[in-house]
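Engineer: Pasting the sequence and the predicted model now:
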Amino acid sequence: MGTAVAQGLSDIEELGEKLFFDQDLSTPPGQSCATCHDPAWGFTGPDHDINNAGAVYPGAIHTRFGNRKPPTSAYGGDSPVLDYNVNDDVFIGGMFWDGRATGLTLGDPLAEQAMGPFLNPLEQNNPNARLVCIKVRNSDYAYLFNEVYPDTPLDCVKDVEGTYERIARSIAAYERSSEVNPFSSKYDAYLKGTIDLTVDEAKGLELFEGKAKCSACHISENGPNGEPPLFTDFTYDNLGIPKNPENPFYSMPPHFNPDGMDWVDYGLGGFLATTLDKTPDYSGMADDNMGKHKVPTLRNVDKRPDEDYVKAYGHNGYFKSLKDIVHFYNTRDALNPNSCEDINDPSPGVNCWPAPEVDANVNDVELGNLGLTDKEEDQIVAFMMTLSDGYEP
């Protein structure tokens, strides 16, 4: 497992780092946040074999699997509280692929997200927040918690809820730190004017911002006050990605997956449907958002210990290389009017693509038939490879 490089953390960020890497905070012990969000892999899943297959990681109980590929835990701290933008007719913000960590409770989606995996039986599998609190109290960094929160020290009896919230907020502080978000890629150096991109990288950037329409959602320009780009607009989209037939969640017992192989990932729409009679109630907008998943940052999208290691892409990890997913964006609607299931000699990505997992609300405006050449696809990939942190001229 990789480790992040220390960047002079504040006390709360250091506490969050301890929590993030603590493998004793699962039941049974052995799974930390970093197990699925490894710095050496851009804070995503670090297992070549898993990425090359189902792309979904086992929990602390290794026979249990969630249903989606772990997204990066970096560069997400600016995601706002989930809200519906009337002018653009889109939802913006929240955390998780489906936005269910809305931020409406704590005012911070990143902190709400950090509360989820500890208690998820498919992830760190703790039965309740009190046990997480006790594990932190018994750790060798418990003193640091009390230094960070001197007025509300660790209390696993009378203030479990408050203590658990502070644990989550500490993790969020670390995930917002310069250690996790250093903005140290080749592209950052380029934006500062200290280096030039290669011919192919520069052409890839031109395509990224033009013909390929990538920057419509993956914003590549500095913010109004000079903030480095995050390469996401925190919205949601249905790209028409097929099911990943190797997703291990299909084989989970009925207690976790009552639909078996018929399970469909409805993403944001699926979550919105659960808000019926809640505040706010977005259930009436569920149908229009079925199949949509959060637009991920592209920072560190290619970061891995070795170029021979596979990273997976898409919410379900269907794609096994940047080239694969760029080619899908380019040709989804151009290769064949029918899905692979409807032709005699299917070859995904060559003469067809499988049908979308959810065929409603598919974005057919910004992708699907971009008219990119093979070389132009490669140039876009070359540009995205400049987004990995740790660049040294």
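Structural biologist: Arrived safely, thanks for sending. As the structure is a computational prediction, the values presented were derived from the model and not from experiment. Numbers count the residues shown, from 1 in each chain.
Engineer: so what's the closest residue to residue 260 other than its chain neighbours up against?
Structural biologist: Using C-beta to C-beta, 6 or more residues apart in numbering and skipping residues adjacent in sequence, the residue nearest residue 260 is residue 250, 6.4 Å away. For glycine as for every other residue, the C-beta is placed from the backbone atoms N, C-alpha and C. The neighbourhood of residue 250, defined by C-beta atoms under 8 Å, 6 or more residues apart in numbering, consists of 257, 260, 261, 263.
Engineer: Strands along this protein, start to end?
Structural biologist: 83-85, 90-92, 236-237, 293-294 (DSSP state E).
Engineer: Need the buried ones from the contacts of residue 250 selected in PyMOL.
Structural biologist: Typed into PyMOL, the line below selects the buried ones among the contacts of residue 250, using 16 or more other C-beta atoms under 10 Å:
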select buried, resi 257+263
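Engineer: buried ones in the longest helix that the chain contains?
Structural biologist: Assignment by DSSP state H gives helix 160-175 as the longest helix of the chain. Across helix 160-175, burial judged by 16+ other C-beta under 10 Å covers 160, 163-175.
Engineer: Listing request: residues of the chain with sub-threshold pLDDT.
Structural biologist: Along the chain, segments meeting pLDDT under 70 span 1-7.
Engineer: From residue 41, how far off is the most centrally placed residue in it?
Structural biologist: By C-alpha atoms, centre = their mean, the chain has its centre lying nearest to residue 71, at 2.2 Å. Separation of residue 71 from residue 41 (C-beta to C-beta, to the nearest Å) stands at 12 Å.
Engineer: quick one, helices of the stretch 201-350 of the chain?
Structural biologist: 267-273, 322-331 (DSSP state H, counting those that start in this stretch).
Engineer: mind listing what residue 133 touches?
Structural biologist: 154, 155, 156, 160, 163, 164, 167.
Engineer: same question, residue 355
Structural biologist: Contacts of residue 355 (C-beta under 8 Å, 6+ apart): 242, 339, 340, 341.
Engineer: For the residue located most distally from the centre of the chain, what are phi and psi?
Structural biologist: Residue farthest from the centre of the chain, counting by C-alpha atoms, centre = their mean, is residue 344 at 35.8 Å. Dihedral pair for residue 344: phi -70, psi -30, per degrees, to the nearest 10.
Engineer: residues near residue 322, how many?
Structural biologist: A count of neighbours around residue 322, defined by other C-beta atoms under 10 Å, yields 20.
Engineer: Sorry, slip of the keys, the one I care about is residue 157.
Structural biologist: With other C-beta under 10 Å as criterion, residue 157 counts 9.
Engineer: Perfect, that will be all.
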